[in-house]
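> Build me a model:
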Amino acid sequence: MQKIHSEFAYQSRELGIQIEDTLGDPPDKKTYARVVKSLIDEFARGSEIDDVNLLSFALLDHLRFNDHAGLLAQCEQYNQGDAAQVLSMVSCVDDDASRAVLTVSRAHPQLARRAILTAFLYKHPKRWSDEDHSLESLQKSEGGDDEDEDQLTPGHDIEHLFDSNGEKNA
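Numbering: from 1, shown residues only. Now for the predicted structure:
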């Protein structure tokens, strides 16, 4: 399994939530298609929307991922990478989406790179590792203490946690 940057894992999960929210319950594919078309039009016109997930959302159904191994390798770094190389690993099946990718990649190459990689990870979740991205795991990787002083153990005196005046302070 390929190791990916934790921000890409986060963005991929957020993209899934955004798609579910837009589709609604029951799914409304007409509204979904209108939102995607509107976003593609905005990006193609050079809109200053600087949002990885919105661009990923707009492009998701229009991208073909031609080099899976190369795209996965690009996912190791979130803030650094070769945008031109990522662009060479995908193609668009829609002229408007292609125009949007090119417009964004000229003005904000890293935004285009991140959005393409986020869309790739969302479309291919089994290709990347299911690393533990929980808060505890992230804190440990950031050098957090292994032992939490505030953690309660069985038999731990917890009376100090409650206000001694009871409801008088309410």
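
> Could you list the low-pLDDT ranges of the chain?
The model of the chain has pLDDT under 70 over residues 1-2, 126-170.

> longest helix anywhere in it?
The single longest helix within the chain, with elements called by DSSP state H, is helix 6-23.

> Packing partners of it?
For helix 6-23, the helices and strands in contact under the criterion 3 or more CB pairs under 8 Å, 6 or more residues apart in numbering; DSSP states H and E are helix 29-44, helix 52-59, helix 109-123. Any C-beta I mention is one placed from the backbone N, CA and C, and that applies to glycine too.

> mind exporting the longest one as PDB, just the C-alpha atoms?
In other words, helix 29-44. Once non-C-alpha atoms are left out, helix 29-44 reads as follows in PDB (Å, rounded to 0.1, in the frame of the first residue of the first chain):
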ATOM      1  CA  LYS A  29     -28.900  13.800  -9.900                       C
ATOM      2  CA  LYS A  30     -30.300  16.800 -11.800                       C
ATOM      3  CA  THR A  31     -29.300  19.200  -9.000                       C
ATOM      4  CA  TYR A  32     -25.900  17.500  -8.700                       C
ATOM      5  CA  ALA A  33     -25.300  17.900 -12.400                       C
ATOM      6  CA  ARG A  34     -26.300  21.600 -12.300                       C
ATOM      7  CA  VAL A  35     -23.900  22.200  -9.400                       C
ATOM      8  CA  VAL A  36     -21.000  20.400 -11.200                       C
ATOM      9  CA  LYS A  37     -21.700  22.300 -14.500                       C
ATOM     10  CA  SER A  38     -21.900  25.600 -12.600                       C
ATOM     11  CA  LEU A  39     -18.500  24.900 -10.900                       C
ATOM     12  CA  ILE A  40     -16.900  23.900 -14.100                       C
ATOM     13  CA  ASP A  41     -18.100  27.100 -15.800                       C
ATOM     14  CA  GLU A  42     -16.700  29.200 -13.000                       C
ATOM     15  CA  PHE A  43     -13.300  27.500 -13.000                       C
ATOM     16  CA  ALA A  44     -13.200  27.700 -16.800                       C
END
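
> Just the residues contacting that helix, thanks.
19, 22-24, 49, 54-55, 57-62, 94, 96-97, 99-101, 103-104 (CB atoms under 8 Å, 6 or more residues apart in numbering).

> same thing but at 6 Å, please
T22, L23, L54, A58, D96, A97, R99, A100, T103, V104 (CB atoms under 6 Å, 6 or more residues apart in numbering).

> Without its sequence neighbours, what residue ends up closest to the last one?
Think V104. By the measure of CB to CB, 6 or more residues apart in numbering, the closest residue to V104 outside its immediate chain neighbours is A112, 4.6 Å from it.
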